[in-house]
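In: Attaching a predicted model along with its sequence, questions to come.
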Amino acid sequence: MSRILNGIVALCPDLGIGKNGNLPWHPVRLNNEFAHFRKMTATSSVKGKQNVVIMGRKTWFSIPEKNRPLNNRINIVLSRKCKAPPPGAHYLVADFSSALRLVDIELTEQVDQVWVIGGSSVYKELMESPGTRRLFVTRILKQFECDTFFPEISPEKYRLLPEFPEVPREVQVESDIEYRFEVYESI
Ligand SMILES: NC(=O)c1ccc[n+]([C@@H]2O[C@H](COP(=O)([O-])OP(=O)(O)OC[C@H]3O[C@@H](n4cnc5c(N)ncnc54)[C@H](OP(=O)(O)O)[C@@H]3O)[C@@H](O)[C@H]2O)c1
């Protein structure tokens, strides 16, 4: 079964997404931006089904312990080293295609949308995988120091959608930081 695969990310102008295992703007909290992440990833459009979030091990541990697992979502963690799911995670898989197989075979009746939530290499696998992919990007319009980066979004492979339901188009401001939401779809 081919589902649309979604990725969601907040990135700096240099495509930076992380610093020292945290968000680049840490300790500043962008609460409304986080609410957007929660709304997009947690809202299932099918009664009785949940969305899945797929993430690398470091992204899992970057989530404050009290917020793990991300609620109302099935949490799948990728690791080659771990032998069992980290405490709180629902599933552990050893590669990206196993995550998709888990969703499409074992969990197919329970799952609505699939969301890849980082980090770098997992986004890359999403962006290079076949089928329709959507990227929900928050462009943070201020540069912070970063050590982890999002892959280039190729204009030959992804087009910026002029609008998308539930995604505001105007520039947002929070804690003196401007940002805007964008949605890309694979061509
Ligand atoms: N701005 C944002 O929207 C955003 C989103 C997510 C994360 N972040 C930030 O990004 C940083 C974490 O991201 P990251 O890129 O460093 O790490 P990551 O992708 O979250 O985790 C890397 C680890 O995940 C496992 N992994 C990744 N791809 C895999 C695959 N295909 N198959 C099996 N295992 C795989 C490996 O675990 P093992 O080593 O255990 O094998 C790998 O070492 C943090 O700073 C976080 O705050 C930011």
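Out: Right, received. Where do you want to start?
In: distance of the nearest residue to Gly16 once chain neighbours are set aside from the ligand?
Out: Leaving aside its chain neighbours, Gly16 sits nearest to Cys146 (2.4 Å; criterion: C-beta to C-beta, 6 or more residues apart in numbering). The C-beta positions use only the backbone N, C-alpha and C, and glycine is treated the same way. Here Cys146 is placed at a distance of 8 Å from the ligand (C-beta to the nearest ligand atom, to the nearest Å).
In: what's the answer for Gln50, then?
Out: 20 Å.
In: Run through the residues that contact the residue nearest to Gly16.
Out: Counting by C-beta atoms under 8 Å, 6 or more residues apart in numbering, Cys146 makes contact with Cys12, Asp14, Gly16, Ile17, Gly18, Lys19, Pro24.
In: SS state for the second one?
Out: Secondary structure for Asp14, judged by DSSP: H, G, I helix; E, B strand; the rest coil, is coil.
In: Could you report the neighbour count for it?
Out: Under the neighbour criterion other C-beta atoms under 10 Å, Asp14 is assigned a count of 12.
In: ditto for the one 10 residues further on
Out: Pro24 is flanked by 22 other residues according to other C-beta under 10 Å.
In: Quick check: which element contains it?
Out: Assigned by DSSP states H and E, Pro24 belongs to no helix or strand.
In: How about the secondary structure of the residue nearest to it when sequence neighbours are not counted?
Out: Once flanking residues are discounted, Pro24 sits nearest to Phe144: 3.7 Å by C-beta to C-beta, 6+ apart. At Phe144, secondary structure determined by three-state DSSP is coil.
In: ok now do Phe144, which residues does it touch?
Out: Phe144 sits in contact with Cys12, Gly16, Lys19, Pro24, Trp25, where contact means C-beta under 8 Å, 6+ apart.
In: I'd like to know which of the residues you listed is nearest to Ser97.
Out: Sorting the contacts of Phe144 by distance to Ser97 puts Gly16 at the head of the list, at 27.7 Å, by C-beta to C-beta.
In: count of residues packed around the closest one?
Out: Using other C-beta under 10 Å, Gly16 has 19 neighbouring residues.
In: pLDDT and distance to the ligand added to the contacts of Phe144, as JSON lines?
Out: Compiled in JSON lines, the contacts of Phe144 are given as follows (pLDDT from 0 to 100; distance: C-beta to the nearest ligand atom, whole Å):
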{"residue": "Cys12", "pLDDT": "98", "distance to the ligand": "8"}
{"residue": "Gly16", "pLDDT": "98", "distance to the ligand": "8"}
{"residue": "Lys19", "pLDDT": "98", "distance to the ligand": "6"}
{"residue": "Pro24", "pLDDT": "98", "distance to the ligand": "7"}
{"residue": "Trp25", "pLDDT": "98", "distance to the ligand": "9"}
